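J.: give the three-dimensional model of this entry:
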Amino acid sequence: MSEHGALLAPGGVAAAAVAVGDIVEGVFEKLHHVRDAVAGLVGPAPVSGDLAALRPLLFPRLGGLVSGIGFIAAPGLLADAPWYLEWWQEGATGEPVQLVRDMDPASSAFYDYTHWDWFAGPRSGDEHTLTGPYVDFLCTTEYSLTLSVPVVKGGEFVGVAAADVFVRRFEIAVSPLLRGIGGPAFLVNAHGRVVASTTARWLAGSIFKGAPGLLARPCRALPLSLVAAQLPHVP
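T.: Numbers count the residues shown, from 1 in each chain. Presented below is the predicted three-dimensional model:
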């Protein structure tokens, strides 16, 4: 028995960490396709209309875990729109709906997306960023995660490919894996924020800074770790 009151199946924690990593990598793989497509579209003087060519790629990638997906341009990238999002999300019946926000810096409703972690992380050089959970007041008012990757062309950062994932959908996908461990278990992002959990002691959105008897194991090479009781040492 662990000190947290449950017997952990041998290899269960490690296997669950790998399986969770596979689920999250599936979303990042979609973003890699978007990233590569944007890099191929961005020419010497790109305009917002050029990004419409992404839509046949974006639309089929909506659904399942992904509630929103698109490209967020670095300020000044586009000649006709210094601030721009080519962002699509699921409508009420599942159809793609474009998100439109005030991109005029002179407006009181201007949406400066550069301060958000999902943009700042990739801009600083992080290959994979997982932000949240947070209430997404901008798009859906849902409790959400945002996964993002940098888009680079000719060595220059040109923006971010990102996807939104509703926490409720993510929990449905990973909860069987966490419960299968046989003891309290939860997932944390790179900043220690709990993303999904099987225990009321560590709820989604809370911050984990470590605790006796608990060990964080990386979910592949991603900014996500699985925390569960530390297995006893067997000589």
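J.: need the longest helix for the protein.
T.: Longest helix in the chain, counting residues (DSSP state H): helix 12-41.
J.: how about the helices in this structure?
T.: With DSSP H as the criterion, the chain has helices spanning 12-41, 55-58, 117-123, 167-179.
J.: now do the last one: distance to the chain's middle.
T.: Between the centre of helix 167-179 and the centre of its host chain there is 15 Å, according to Cα atoms, centre = their mean, to the nearest Å.
J.: go on, stretch 49-64?
T.: Its chain's C-alpha centre and that of stretch 49-64 lie 18 Å apart, by Cα atoms, centre = their mean.
J.: list the buried ones in it?
T.: By 16 or more other Cβ atoms under 10 Å, the buried positions in stretch 49-64 come out as 50-51, 54, 58, 61-62. For the C-beta atoms, the positions are set from N, CA and C on the backbone; glycine is no exception.
J.: before we move on, what about stretch 160-175?
T.: Buried-residue list, stretch 160-175, by 16+ other Cβ under 10 Å: 160-167, 169-171, 173-174.
J.: nearest to residue 74, out of those: which one, please.
T.: Among the buried residues of stretch 160-175, residue 160 lies closest to residue 74 (Cβ to Cβ), at 8.0 Å.
J.: which residue, neighbours along the chain excluded, lies closest to residue 52?
T.: Leaving aside its sequence neighbours, residue 52 sits nearest to residue 86 (Cβ to Cβ, 6 or more residues apart in numbering; 7.7 Å).
J.: my guess is the one you found meets residue 70, correct?
T.: Yes: Residue 86 lies in contact with residue 70 (Cβ atoms under 8 Å); the separation is 5.0 Å.
J.: for the two, list the residues in contact with both.
T.: Residues touching both residue 86 and residue 70 (Cβ atoms under 8 Å, 6 or more residues apart in numbering) are 54, 58.
J.: partner residues bridging the residue nearest to the spatial centre of the chain?
T.: Nearest to the geometric centre of the chain sits residue 147, at 2.0 Å (Cα atoms, centre = their mean). Bridge pairing for residue 147 (DSSP bridges) gives the partners residue 130, residue 163.
J.: so how far is residue 187 from it?
T.: 13 Å (Cβ to Cβ, to the nearest Å).
J.: contacting residues for the residue nearest to residue 190 when sequence neighbours are not counted?
T.: Leaving aside its sequence neighbours, residue 190 sits nearest to residue 223 (Cβ to Cβ, 6+ apart; 3.8 Å). Shown in contact with residue 223 (Cβ under 8 Å, 6+ apart): 126, 128-130, 189-190.
J.: could you measure from the closest residue to residue 12 other than its chain neighbours over to residue 199?
T.: Spatial nearest neighbour of residue 12, chain neighbours left out: residue 181 (4.9 Å); criterion: Cβ to Cβ, 6+ apart. Using Cβ to Cβ, we find residue 181 at a distance of 11 Å from residue 199.
J.: between these two, which one's more packed in?
T.: residue 181 (21 against 15; other Cβ atoms under 10 Å).
J.: tell me how far the residue nearest to the centre of the chain lies from residue 201.
T.: 26 Å.
J.: hang on, the earlier thing: which one among the buried residues of stretch 160-175 gets closest to residue 35?
T.: Scanning those for proximity to residue 35, where the rule is Cβ to Cβ, the winner is residue 161, at 4.5 Å.
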